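> okay, structure incoming, though there's no sequence with it:
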């Protein structure tokens, strides 16, 4: 049974025709904020993440369940005239549609923006692609790895100059493009509520990667030189990076003069305090290798827990380097409801990642599991006015797919 929706977007209906990650992130953000997001999967096999195995829980793919919780699910064959008819009827009552197919795919199927806005002029049509729908690369397919490389991210990620390029561990451009898409849909929805007008929302993995280069781009604009990788260090402030301790690693954020002086007090090292190389941030950045060497000697003398206690007491920003499972179990993660649990009809109780934005008046909620393939097809079609006989005929014709 689908739990009641809550959140600031309650009453908004979104059709999520996307697959794998960037588009589904957009859909799950909107769903978590209360929108009725209907996941529309292709009839043969559904979303590709259904086949990203292992890992699975009781046979259900963990990747699909993560990206599609809080959504209802139907299956359509958009190459079948009756399947296309169902989508168009869905569009007539929808506020937004999300798709991340390659260039012109939806147009070739006869369900691109120009066709659908004739049915619903208020439709917000969100396109998430590799490089955007304009420009010389508009027709190129997009993958996170490629976007991280082209956006400059891989040139600033890694242990240091001369080392091989490294991508960010998470599919950063996929996730960020999904968040940007959700932001764009929300902004367009405000415009629609004011005017009744729909519009296209167009973002990409490439642009998502570029947005993460603000600091490095500022340096390049000012100096004419492209910054390179610095490991965990900051390009503008020091010390601001990870240091090894007696039993692990600690991240230190003494990034301004006030916190630097507090750190010097904690370390109780008169020579460090008096060293002219480190008195100001410019000197610390200019002599970063020497600074790291001195601080590393200090931090290796105590455990991570001991340092965190001392630094917190002194007001110096610091934190441990946690594994994913350690992060899941951290009291702050739990307190912020970032690892909620939902009841899946096959997998049973499964954990997922929660909504990272909190609302005091209209709280969002992760309350429903990802749908089984075609789980809500009959339910959604009935809401559109199809009779039971018509629904079963559509299933028999393989225009739509339904569970059970």
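Structure's in. What do you need? Every value quoted in this text rests on a predicted model; they were computed, and no experiment measured them.
> per the annotation, how does this structure divide into domains?
13-212+333-401, 249-320 (automatic domain parsing).
> mean confidence (pLDDT) on the first one, please.
Right, domain 13-212+333-401. Domain 13-212+333-401 comes out with an average pLDDT of 96.
> that domain: end-to-end distance?
21 Å (CA to CA, to the nearest Å).
> verify the contact between residue 10 and residue 363 for me.
No. Assessed by CB atoms under 8 Å, residue 10 is found out of contact with residue 363, at 10.8 Å. In this view, the C-beta of every residue, glycine as well, is placed from N, C-alpha and C.
> ranking the domains of the chain by burial, who's on top?
domain 13-212+333-401 (a mean of 19; mean count of other CB atoms under 10 Å).
> centre of the chain versus that one, how much separation?
From the chain centre to the centre of domain 13-212+333-401 is a distance of 11 Å (CA atoms, centre = their mean, to the nearest Å).
> about what we covered before: could you dump the domains of the chain to CSV with distance to residue 230?
Formatted as CSV, those follow (distance: least, CB to CB, whole Å):
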stretch, distance to residue 230
domain 13-212+333-401, 7
domain 249-320, 8
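> and the residue nearest in space to the middle of the chain, what element?
The residue lying closest to the centre of the chain (CA atoms, centre = their mean) is residue 175, at 2.7 Å. Following DSSP states H and E, one finds residue 175 within helix 172-195.
> which strands and helices lie in contact with that helix?
With contacts defined as 3 or more CB pairs under 8 Å, 6 or more residues apart in numbering; DSSP states H and E, helix 172-195 has these neighbours: helix 22-32, strand 96-99, strand 124-129, helix 144-150, strand 199-204, helix 205-210.
> strand 124-129 and the first one, what's the angle between them?
Same thing as helix 22-32. 140 degrees (axes from the mean of the first three to the mean of the last three CA atoms, to 10 degrees).
> quick check: angle from the helix or strand following helix 22-32 to helix 22-32?
Downstream of helix 22-32, the first helix or strand assigned by DSSP H and E is strand 36-42. Relative orientation of strand 36-42 versus helix 22-32 (the same axes, to 10 degrees): 150 degrees.
> how far does stretch 74-82 stretch from one end to the other?
14 Å.
> and the residue nearest to the centre of the chain, what does it touch?
Neighbour list for residue 175: 21-22, 25 [criterion: CB atoms under 8 Å, 6 or more residues apart in numbering].
> quick check, nearest of those residues to residue 179?
For the contacts of residue 175, the residue nearest residue 179 by CB to CB is residue 25; the value is 6.5 Å.
> please name the nearest non-neighbouring residue to that closest one.
residue 178 (2.5 Å; CB to CB, 6 or more residues apart in numbering).
> measure how buried the closest residue to residue 330 other than its chain neighbours is and give me the count.
For residue 330, the nearest residue in space outside its immediate sequence neighbours is residue 322; the separation is 6.5 Å by CB to CB, 6+ apart. By the measure other CB atoms under 10 Å, the count of residues near residue 322 is 15.
> where does residue 322 sit: helix, strand or coil?
Assigned by DSSP: H, G, I helix; E, B strand; the rest coil, the conformation of residue 322 is coil.
> ok, it to residue 167 distance?
21 Å (CB to CB, to the nearest Å).
> can you check residue 78 too?
33 Å.
> picking that back up, CSV for the helices and strands packed on helix 172-195, including distance to residue 229?
Converted to CSV, the helices and strands packed on helix 172-195 look like this (distance: least, CB to CB, whole Å):
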stretch, distance to residue 229
helix 22-32, 25
strand 96-99, 34
strand 124-129, 28
helix 144-150, 13
strand 199-204, 24
helix 205-210, 15
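> tell me which of these sits nearest to residue 357.
By CB to CB (comparing all of those), the closest turns out to be helix 22-32, at 8.3 Å.
> ok and that closest one relative to helix 172-195, angle-wise?
Counting by the same axes, to 10 degrees, helix 22-32 lies at 50 degrees to helix 172-195.
> circling back: out of the helices and strands packed on helix 172-195, nearest to residue 399?
strand 96-99 (19.0 Å).
> may I have the strands that pair with the closest one, each with its orientation?
strand 13-16 (parallel), strand 124-129 (parallel) (DSSP bridges).
> how about residues contacting that strand?
Here strand 96-99 has contacts from 12-18, 23, 26-27, 30, 35, 91, 106, 116, 123-128, 181, 185, 188-189, using CB under 8 Å, 6+ apart.
> likewise for stretch 382-399?
By CB under 8 Å, 6+ apart, stretch 382-399 touches 43, 76-77, 80-83, 85-86, 89-90, 93, 377-378, 381, 400-402.
> and if we set it to 7 Å?
Contacts to stretch 382-399, defined as CB atoms under 7 Å, 6 or more residues apart in numbering, come from residues 43, 77, 80, 82-83, 86, 89-90, 378, 381, 400, 402.
> contacts for stretch 26-39?
Outside stretch 26-39, the residues touching it (CB under 7 Å, 6+ apart) are 5-10, 12-16, 18, 67-74, 90, 98, 126, 128, 178-179, 181-182, 185, 355, 364, 366, 371, 380.
> how about 6 Å then?
5-10, 12-16, 68, 70-73, 98, 178, 181-182, 355, 364, 366 (CB atoms under 6 Å, 6 or more residues apart in numbering).
> which residues touch the residue nearest to residue 148 when sequence neighbours are not counted?
Spatially, and ignoring its direct neighbours in sequence, residue 148 is nearest to residue 167 (4.7 Å; CB to CB, 6+ apart). The contact partners of residue 167, by CB under 6 Å, 6+ apart, come to 145, 148, 154.
> output those residues in JSON lines, with distance to residue 268 appended to each entry.
Formatted as JSON lines, the contacts of residue 167 follow (distance: CB to CB, whole Å):
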{"residue": "145", "distance to residue 268": "46"}
{"residue": "148", "distance to residue 268": "42"}
{"residue": "154", "distance to residue 268": "40"}
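> and those, which is closest to residue 332?
Nearest to residue 332 among these is residue 148, at 28.3 Å by CB to CB.
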